[in-house]
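J.: any chance you could fold what I've pasted below:
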Amino acid sequence: MFIETVRNRNSPPCVPLRETFRKDGKVKHRTLVNLTKCPPPALSRN
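T.: Residues are numbered from 1 along each chain as shown. Take a look at the predicted model:
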């Protein structure tokens, strides 16, 4: 699992918590939860 920041052109960035898995030999991503509205200190990656 990892936190990703997805830039949006004219909107604030989206911050989903994602999971990576393989399906039919290809790498896929699944969004588990949207963390966009969490305060920034809660999203620190340390």
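
J.: how about the contacts made by Asn34?
T.: Contact analysis of Asn34 by C-beta atoms under 8 Å, 6 or more residues apart in numbering lists 14-17. All C-beta atoms are positioned from the backbone trio N, CA, C, and that covers glycine.

J.: likewise Thr20?
T.: Contacts of Thr20 by C-beta under 8 Å, 6+ apart are 1-2, 27-30.

J.: distance of it from Val33?
T.: Note on Thr20: its distance to Val33, by C-beta to C-beta, to the nearest Å, is 15 Å.

J.: report the central residue of this protein.
T.: Nearest to the mean C-alpha position of the chain, by C-alpha atoms, centre = their mean, lies Pro16 at 2.6 Å.

J.: residues contacting it?
T.: So Pro16 contacts 3-4, 6, 31-36 (C-beta under 8 Å, 6+ apart).

J.: so where's the chain uncertain?
T.: 42-46 (pLDDT under 70).
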